[in-house]
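Colleague: pasting the sequence and the predicted coordinates here, then a few questions.
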Amino acid sequence: MPLKVTFELSDKDLRYFRKVMRDARDTARQADEAAILSGASRLLEHVKASDAPQFVKERLLKMRPMIEMLEDAEWKLKGADRERVLSALAYFNEPQDLIPDHVPGFGFMDDAIMVQLVVDELQHELDAYDDFCKLRKQRARERGKESQEDREKWIAPKRDALQARMRRRRRARTRAARGSRSSRAPFSLW
């Protein structure tokens, strides 16, 4: 019989995760992108093969689209947008964890929490990339194989529009968070 467990992160807990993300951003600026992607992929493989609880595995598997959007040559994520995703993944290359990964049952708990925070923070990036993948798949079903030149002609404006939407939504969320007088303003890692 499944059991639902919920918990609340305090302001102190959230400050901890913000600090860790700031440290990861600093690391990402100095680290090789390939090393960050490789480290995140290794963590996913390690978690899949581990006896980590299912709820931890489900959260950590949400990293896969972040890795894919950086590796996707047609998505062409650049500049500050790319740095945001790389910074998020850099955390998972840090050997220092709040809870060491080898602790049975709970070792990946802090990673699962951070993935959830990162997924919430990068929701607009993830939504845009998901929509891009769906459009690309639909086009492939409708048109079949096409030349790279023809493909780039239709894909570039779609990609550009989705990335512009992603940035608009992120800016709107940031403005809303700054303008909110509520203590329940959206949490931000950045």
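Modeller: Cool, the structure landed. Fair warning: this is a prediction, and the values are worked out from it, not measured in the lab. Numbers count the residues shown, from 1 in each chain.
Colleague: can you list the buried residues in the helix ranked longest in the chain?
Modeller: Longest helix of the chain, by residue count under DSSP state H: helix 148-179. Of the residues in helix 148-179, those buried under the neighbour-count criterion (16 or more other C-beta atoms under 10 Å) are 151, 155, 159, 162, 163, 166, 170. C-beta coordinates here come from the backbone N, C-alpha and C atoms, glycine included.
Colleague: now swap in stretch 7-22 and tell me
Modeller: Going by neighbour count (16+ other C-beta under 10 Å), the buried part of stretch 7-22 is 17, 20, 21.
Colleague: pLDDT below threshold where in this protein?
Modeller: Scanning the chain for pLDDT under 70 picks out 5, 94-108, 180-190.
Colleague: tell me where it has helices.
Modeller: For the chain, the helices defined by DSSP H occupy 11-30, 33-49, 54-60, 64-71, 79-90, 109-121, 123-143, 148-179.
Colleague: in TSV, list those along with distance to residue 3.
Modeller: Listed next are the helices of the chain as TSV, based on distance: least, C-beta to C-beta, whole Å:
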stretch	distance to residue 3
helix 11-30	22
helix 33-49	21
helix 54-60	10
helix 64-71	26
helix 79-90	30
helix 109-121	16
helix 123-143	27
helix 148-179	33
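Colleague: quick one, which of those helices gets closest to residue 1.
Modeller: With C-beta to C-beta as the measure, helix 54-60 is the member of those nearest residue 1 (13.9 Å).
Colleague: just checking, what packs against the closest one?
Modeller: Applying 3 or more C-beta pairs under 8 Å, 6 or more residues apart in numbering; DSSP states H and E, one finds that helix 54-60 contacts helix 33-49, helix 109-121.
Colleague: angle of the last one against helix 64-71?
Modeller: So that's helix 109-121. 60 degrees (axes from the mean of the first three to the mean of the last three C-alpha atoms, to 10 degrees).
Colleague: quick one: buried residues of helix 109-121?
Modeller: Buried residues in helix 109-121 (16+ other C-beta under 10 Å): 109, 110, 111, 112, 113, 114, 115, 117, 118, 119, 121.
Colleague: then the first one?
Modeller: Neighbour counts using 16+ other C-beta under 10 Å place 36, 37, 39, 40, 41, 43, 44, 47 of helix 33-49 among the buried residues.
Colleague: with respect to residue 89, which of the residues you listed is nearest?
Modeller: residue 40 (4.4 Å).
Colleague: for that closest one, which non-adjacent residue is spatially closest?
Modeller: Residue nearest to residue 40 in three dimensions, not counting chain neighbours: residue 89, with 4.4 Å by C-beta to C-beta, 6 or more residues apart in numbering.
Colleague: thought that neighbour was touching residue 68?
Modeller: No: the pair residue 89 and residue 68 does not pass the contact test of C-beta atoms under 8 Å, sitting 11.3 Å apart.
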